[in-house]
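Participant: sequence and computational prediction follow.
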Amino acid sequence: GAVITSPDLVSILEKSMNPQILDEATLREIFEMRLALEIGMADLIIKRVRPEDIAELKKIVADEPDESSHEIFMIDQEIRFHGKLYEITGNETLKKFQKILLPVFDYVHHSGLLKKNIEPKEYVSHGGLIKLIETRSAEKLRNGMRNHLENHFARLFY
């Protein structure tokens, strides 16, 4: 009479993703993982993006500058835009994982854990990423996403 189902991996992880109880090394690694995931999502985004997704991304960035600046993105803009990218992948586990990681990202961003003494560099803006998505080239999107996240990488390593 027992029914065996596939465990919900994300709900298992969710119980241990409290940033107040994780050590600094783990928090940094989770932040690094976010950067790697977002660069690696390019193929899924290009394969699964629909015209209505692009329209929604454009709506999200309508109040952002068209060109990149030397400033790090505002966290609410990051969440809305990148959350939509996770949604576009169509990967339910990835989408759930992103939601449980948001408190960790926010904590790391505001905690002083990352080195903040960087001179922010120009980066590919959210609008620039949309243009790259429209090219339908996963390679261009991967490269653009890496450049887009450069200031975060700099906060980790420099």
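Facilitator: It's in.
Participant: what ranges do the helices span in the chain?
Facilitator: Taking DSSP state H, the helices of the chain run over residues 9-14, 24-40, 42-48, 51-60, 75-89, 92-111, 126-134, 138-148, 150-157.
Participant: save those helices as a markdown table, and put in distance to A2, mean pLDDT and mean neighbour count too.
Facilitator: Every residue, glycine included, has its C-beta placed from N, CA and C. A markdown table is the format used below for those (distance: least, Cβ to Cβ, whole Å; pLDDT from 0 to 100; neighbours: other Cβ atoms under 10 Å):
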| stretch | distance to A2 | mean pLDDT | mean neighbour count |
| --- | --- | --- | --- |
| helix 9-14 | 20 | 72 | 13 |
| helix 24-40 | 35 | 89 | 15 |
| helix 42-48 | 35 | 98 | 17 |
| helix 51-60 | 41 | 97 | 14 |
| helix 75-89 | 34 | 89 | 17 |
| helix 92-111 | 25 | 83 | 16 |
| helix 126-134 | 46 | 95 | 20 |
| helix 138-148 | 43 | 96 | 19 |
| helix 150-157 | 46 | 79 | 17 |
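Participant: among the ones you listed, which is nearest E119?
Facilitator: helix 150-157 (8.4 Å; Cβ to Cβ).
Participant: extract the C-alpha trace of the closest one and format it as CSV.
Facilitator: Provided in CSV are the C-alpha atoms of helix 150-157 (Å, rounded to 0.1, in the frame of the first residue of the first chain):
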residue,chain,number,x,y,z
GLU,A,150,31.1,41.4,-14.2
ASN,A,151,30.6,43.8,-11.3
HIS,A,152,29.3,40.9,-9.1
PHE,A,153,32.4,38.8,-10.1
ALA,A,154,34.6,41.7,-9.3
ARG,A,155,33.0,42.0,-5.8
LEU,A,156,33.8,38.3,-5.3
PHE,A,157,37.4,38.2,-6.5
